[in-house]
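In: coords below, sequence missing:
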């Protein structure tokens, strides 16, 4: 196990850099706020990380393929509102409601994939347009927090297995499944191939259009699952709950060393990137930093850290 980790870091020095950054943020947070070290806050931090982490999995796959998905934030908001809005009226239909919202995610992902692969619309434009459509839909559905969820459903986000939050265990299991998909399946190999050079991948016999559709379906599915998770955590659906998730999920993926050009990186780095973003959010809240200053500080931190990381990677 230790040998495989050493080989992983040796092949990808940038991965070691991002984990050292994670360690630095952990030490810094522990020093500036004693409250950070409490078990309550650490478990809360893990739950915060899960929300970014689930959508981060999908965003990693999209960026590895050479694309990007800017619609995840709006889809998260719509999924959270639909989950809680329907569940408050049909409390005995939790599983069908969850499946329905996940199916919505699949449909949105198929729409994104179709625009990118068949209509040849650049991913940035296609997913930005989809984001606008979804945000309009959620605001037509409700302009204020809506609905409620069952007590049992709240276990998904707030329950514990022993001392460990169930949500964190779920995220780790999800990471393992998608790591296997990316590293051990033909689909994963094709994602890396398309991201590295789409034309070469096409000439090699890879159905690049199907790969792109699959990528965006998985990304949207993870966004819908994030919305379901947030409905479980908050106990209600907020039409703006997904705001900022597109930027922070992309930032976490890039911090983790996945190239925006595609074809290089993976979930190993995204884990650290997600935890860094969650740490920054957590410590700023503990220090009672104004929300306006939080946006400014996080923007500066992201620019500095990513630029330093990119500079180091160049050598």
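Out: Now that the structure is in, tell me what you want to look at. No experiment lies behind these values; they were computed from the predicted model shown.
In: does residue 105 belong to a helix, a strand or coil?
Out: Here residue 105 is helix, with the state taken from DSSP: H, G, I helix; E, B strand; the rest coil.
In: how much space between it and residue 124?
Out: In this structure, residue 105 and residue 124 are separated by 20 Å, where distance is defined by CB to CB, to the nearest Å. Yep, even glycine has a C-beta here, placed from its N, CA and C like the rest.
In: which of those two has more neighbours?
Out: residue 105 (27 against 13; other CB atoms under 10 Å).
In: excluding covalently adjacent residues, which one is nearest to the more buried one?
Out: In space, and not counting its chain neighbours, residue 105 is closest to residue 224: 2.8 Å by CB to CB, 6 or more residues apart in numbering.
In: got it, and residue 124?
Out: Residue nearest to residue 124 in three dimensions, not counting chain neighbours: residue 68, with 6.0 Å by CB to CB, 6+ apart.
In: also residue 239?
Out: Closest residue to residue 239 apart from its sequence neighbours, by CB to CB, 6+ apart: residue 138 at 4.8 Å.
In: got the contact list for that neighbour?
Out: Applying CB atoms under 8 Å, 6 or more residues apart in numbering, we find residue 138 in contact with 74, 77-78, 81, 239.
In: over to residue 48?
Out: For residue 48, the contact set (CB under 8 Å, 6+ apart) comprises 278, 281-282.
In: same question, residue 36
Out: Going by CB under 8 Å, 6+ apart, residue 36 touches 29-30, 42, 282-283, 286.
In: rewinding a little: of the contacts of residue 138, which is the nearest to residue 52?
Out: Proximity to residue 52 was ranked across the contacts of residue 138 by CB to CB; first place goes to residue 77, at 15.1 Å.
In: which two in the contacts of residue 138 are spaced the farthest apart?
Out: With distance counted by CB to CB, no two of the contacts of residue 138 lie farther apart than 74 and 81, which are 10.8 Å apart.
In: for this protein, which spans come out with low pLDDT?
Out: The model of the chain has pLDDT under 70 over residues 1-13, 302, 305-306, 308-315.
In: for it, what spans make up the helices?
Out: 2-11, 13-32, 39-64, 72-87, 94-117, 123-141, 155-158, 166-184, 186-196, 198-203, 208-234, 245-255, 267-286, 291-314 (DSSP state H).
In: among these, which is nearest residue 147?
Out: Residue 147 lies closest to helix 72-87 among the helices of the chain, at 3.2 Å (CB to CB).
In: which strands or helices does the closest one pack on?
Out: In terms of contact count using 3 or more CB pairs under 8 Å, 6 or more residues apart in numbering; DSSP states H and E, helix 72-87 is assigned the packing partners helix 39-64, helix 94-117, helix 123-141, helix 208-234, helix 245-255.
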